[in-house]
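*Asks:* Next one to model:
(one chain, ligands or ions: 4)
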Amino acid sequence: MKRMIFIFSVAMVAVFMIFFAYQNHTISIHTGYRGSGQFILYQPSKLPDSIALNSIPEADPIDDPDPTLPTIRQKYKNVQVLDDLTVLEFSRLMGALATWVAPEVGCEYCHNPKNLASDEKYTKRVARIMLKMTRKINNEWTAHVGGVGVTCWTCHRGNSVPTGDWYTTAKLDAVPPGLGDKQNQSTPGIANIANTALPFDPLSRYLIEDNEIRVQGTVPLAGSNAIPQNGVRKAEVTYALMIYISKALGVNCNYCHNTRAFGSWPDSKPERATAWYGIRMVRDLNKSFLLSSVAAELPSYRLGEFGDGPKVGCGTCHKGTFKPLLGKSMKADYPELWRAGGPQIDTGYISPPHVEVNNPIVPRESLVSGRY
Ligand code: HEC
Ligand code: HEC
Ligand code: HEC
Ligand code: HEC
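*Replies:* Ligands and ions are numbered 1, 2, ... in the order given. Next up is the predicted model:
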C-alpha cells in the first residue's frame, strides 16, 4: 500500500512538473541569415497577456459626409490644429480622444463643459500639442513607423499619463570613498537597466542629444581608433541603453544584432535600421515637443526632480512588444490623424542615410569614418 502511495505521489509530481514546464516553455524561431544564430525566443503562455495589452477599443462608425452642415470655422471658435476636418469628423475624433486619454473623466478632463472653446485647462493645451506631435510622427517619421503610424491610444491606452515616460534620474546617494562610483554598483529598483550594475541613466545621454552610440573600433589596433572616449565607461553606458531598448521591445539583443559583431551593419538584421530611425525619432519628439512646448504647459507636479519634463522612450509606444499594438494600424479608422493640412509644423526631419545595394543598411564609408 505504502509503495502504491509513493508511486502515485511521484506520478503526480511528474505530471505537475510537466504541466508547469509546458506552461512556461519557450519557443525559438530563427529569423536571421542561415547559421547566424539569430533567434527570437518567446513563451506561448505569455501571449494572451500580450494580446490583452495590445487590444484596441472599437471605433465608432465613420459618418457619411453631409454638405449641409457648417464648416469647422463657422461652427467652432478656437480650433487651431484640426481645422482641416469636417464637423462630423471633429466630433467623432473628440469622442475618441476621451476614450483614449481620459475614459473615466471624459470631455471634462480637457474642457470646461460650459465653454468648450476655452483653453483654461492645461490638459487641453497639452492635447493640442499632442495632436501636432501625432501628425508629425505619422507624416514625417515613416522611416520608423511605416504606414502603421500611431494614435493617442498607442501611447496612452486609456491613461492620461502614459506608461513608459521617463525623467532624468537623480544621482544615487554618494558612497563612502574607496567604494567607487555608485553608478557601477548593483542598483536594485532601476528597472530600465534590468537592475544591472551599469550606469543607470543611459536615456538622458542617448535619447535627447545626438550622442554617438558606438564603442567598437572599425579599424584594427586600439590606438588607431579615432573615435574619442571609447573607454570602458562608454561601453557600459551603451550596453545600459541596449538593455533598456531590448526590454522596451521585449526582445533579445540578436533581434537586431548578430552577436558575432555588434557594430557591424552588414551582419545586422533590418530591424536594427528601423531601431536606428527610432532613436532619432525619439530624440526629435523629446526636443521638439516634450522638453519644450509640453514642459512649458505642464504644472510643476508633473515635472521631474530636476524640473525636466516627462519624456518619450521606446517603451512609451512599444510597451514590451516588438511592434506597438502588435503592428496593427488604426489609420483606416482615424485618417484625420494622418492629415497634415493644419498650420505648418517645424519638421527637424533627418533624411535617411544613403543606401547601397550590397549593404542594405548603412554605407560602408560611414562605417569607416565612424559617423552616420
Ligand atoms: C484629451 C483632451 C480632450 C478631450 C478628452 C476632449 N477634447 Fe475637445 N478639444 C481638445 C482640443 C485640444 C481642442 C482644440 C483642437 C484644435 O485646436 O485643433 C478641442 C476642441 C473642442 C471643441 C471646439 C470648441 C471651439 O469652439 O473651439 C469642441 C466642441 C470639443 N472639443 C468637444 C469635445 C467633447 C464633446 C468631448 C468629449 C466627448 C471632448 N471635446 C473631449 C481636447 C480634448
Ligand atoms: C509618443 C507617445 C504619445 C502620443 C502618440 C500621445 N501622447 Fe499624450 N503624452 C505623452 C507623454 C510622454 C506625456 C507626458 C506624461 C507625463 O506627464 O508624465 C503625455 C501627456 C499628455 C497629456 C497631459 C496629461 C496630464 O494629465 O498631465 C494629455 C492631455 C495628452 N498627452 C493627450 C494626448 C492626445 C490627445 C494624444 C493624441 C492626439 C496624445 N496625447 C498622443 C505621450 C504621447
Ligand atoms: C531593437 C534593436 C536593437 C536591440 C534589441 C539591441 N540593439 Fe544594440 N544597437 C542597435 C542600434 C540601432 C545601434 C546603433 C545606434 C546608433 O548608431 O545610433 C546599436 C548599437 C550597439 C552597440 C555599439 C556598436 C558599435 O558600433 O560600437 C553595441 C555594443 C550594442 N548595440 C550591443 C547590444 C546588446 C548587448 C544588446 C542586448 C542587450 C543590444 N545591442 C540590443 C539596435 C539594437
Ligand atoms: C511613437 C511611437 C514609437 C516609439 C516612441 C518607438 N517606436 Fe518603434 N515602432 C513603432 C511602430 C508604429 C512600429 C511598427 C512599424 C511597422 O510595422 O512598419 C515600430 C517598429 C519598430 C521596430 C521594427 C520591429 C519589427 O519587427 O519589424 C523596431 C526594431 C523598433 N520599432 C524599435 C524602436 C526603438 C529602439 C525605439 C526607441 C529608440 C522605438 N522603436 C520607439 C512606434 C514607435
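*Asks:* C-alpha from now on. contacts and neighbour counts both.
*Replies:* Noted.
*Asks:* and the nearest residue to residue 268 once chain neighbours are set aside, helix, strand or coil?
*Replies:* Spatial nearest neighbour of residue 268, chain neighbours left out: residue 257 (4.7 Å); criterion: C-alpha to C-alpha, 6 or more residues apart in numbering. State at residue 257, reduced to three classes by DSSP: H, G, I helix; E, B strand; the rest coil: coil.
*Asks:* From residue 141, how far out is residue 257?
*Replies:* If you measure residue 257 against residue 141 using C-alpha to C-alpha, to the nearest Å, the figure is 23 Å.
*Asks:* same question, residue 81
*Replies:* According to C-alpha to C-alpha, residue 81 and residue 141 sit 19 Å apart.
*Asks:* So which of those two has more stuff around it?
*Replies:* Neighbours were counted for residue 81 and for residue 141 using other C-alpha atoms under 10 Å; residue 141 has more, 21 against 17.
*Asks:* Surely that one and residue 281 touch.
*Replies:* Yes: look at residue 141 against residue 281 with C-alpha atoms under 8 Å: they come within range, at 6.7 Å.
*Asks:* ok and the residue in the stretch 151-300 of the chain nearest ligand 1?
*Replies:* Residue of the stretch 151-300 of the chain nearest ligand 1, by C-alpha to the nearest ligand atom: residue 160 (7.8 Å).
*Asks:* contacting residues for the residue nearest to that residue when sequence neighbours are not counted?
*Replies:* Excluding the flanking residues, the one nearest residue 160 by C-alpha to C-alpha, 6+ apart is residue 101, at 4.8 Å. By C-alpha atoms under 8 Å, 6 or more residues apart in numbering, residue 101 lies in contact with 152, 153, 156, 157, 158, 159, 160.
*Asks:* Buried among the residues you listed? Make that a ChimeraX selection.
*Replies:* Typed into ChimeraX, the next command selects the buried ones out of the contacts of residue 101 (criterion: 16 or more other C-alpha atoms under 10 Å):
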select :152,153,156,157,158,160
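*Asks:* filter the contacts of residue 101 by proximity to ligand 2?
*Replies:* By C-alpha under 6 Å from any ligand atom, the members of these lying near ligand 2 are 152, 160.
*Asks:* ok, so of the contacts of residue 101, who is nearest ligand 4?
*Replies:* Nearest member of the contacts of residue 101 to ligand 4, counting by C-alpha to the nearest ligand atom, is residue 152, at 9.5 Å.
*Asks:* I'd guessed that closest one sits against residue 98; true?
*Replies:* No: under the criterion of C-alpha under 8 Å, residue 152 is not in contact with residue 98, lying 10.1 Å apart.
*Asks:* immediately after the helix or strand containing residue 204, which helix or strand?
*Replies:* Secondary structure from DSSP states H and E places residue 204 in helix 202-206. For helix 202-206, the succeeding helix or strand toward the C-terminus, using DSSP H and E, is helix 232-249.
*Asks:* Return the list of helices and strands in contact with the next helix or strand after that next one.
*Replies:* Moving toward the C-terminus from helix 232-249, the next helix or strand (DSSP H and E) is helix 270-285. Counting by 3 or more C-alpha pairs under 8 Å, 6 or more residues apart in numbering; DSSP states H and E, the packing neighbours recorded for helix 270-285 are helix 142-145.
*Asks:* right, is the helix it packs on up against ligand 2?
*Replies:* No: Helix 142-145 stays clear of ligand 2 (C-alpha under 6 Å from any ligand atom), getting no nearer than 11.0 Å.
*Asks:* In terms of secondary structure, what does that helix contact?
*Replies:* helix 270-285.
*Asks:* any residues touching the helix it packs on, and which ones?
*Replies:* Residues outside helix 270-285 that contact it (C-alpha under 8 Å, 6+ apart) are 133, 141, 143-144, 207-210, 255-257, 312-314, 348, 361.
*Asks:* Pull out the buried positions in it.
*Replies:* Buried residues in helix 270-285, counting neighbours by 16+ other C-alpha under 10 Å, are found at 270, 272-275, 277-285.
*Asks:* and it, is it in reach of ligand 3?
*Replies:* Yes: in terms of C-alpha under 6 Å from any ligand atom, part of helix 270-285 sits within range of ligand 3, namely 272, 273, 275, 276.
*Asks:* Which residues are in contact with residue 331?
*Replies:* Contacts of residue 331 by C-alpha under 8 Å, 6+ apart are 148, 149, 337, 338.
*Asks:* Would you quantify the distance from it to residue 89?
*Replies:* In terms of C-alpha to C-alpha, residue 331 sits 14 Å off from residue 89.
*Asks:* For the stretch 101-250 of the chain, which residues are neighbours of ligand 1?
*Replies:* 101, 102, 106, 107, 109, 110, 116, 117, 124, 125, 127, 128.
*Asks:* Select from the residues you listed every entry located in helices.
*Replies:* Applying DSSP state H to these, the entries found in helices are 101, 124, 125, 127, 128.
*Asks:* Next, give phi and psi for the residue nearest to the second one when sequence neighbours are not counted.
*Replies:* What sits nearest to residue 124 in space, not counting adjacent residues and going by C-alpha to C-alpha, 6+ apart, is residue 110, at 4.5 Å. According to degrees, to the nearest 10, the main-chain angles of residue 110 amount to phi -110, psi -20.
*Asks:* All good on my end, thank you.
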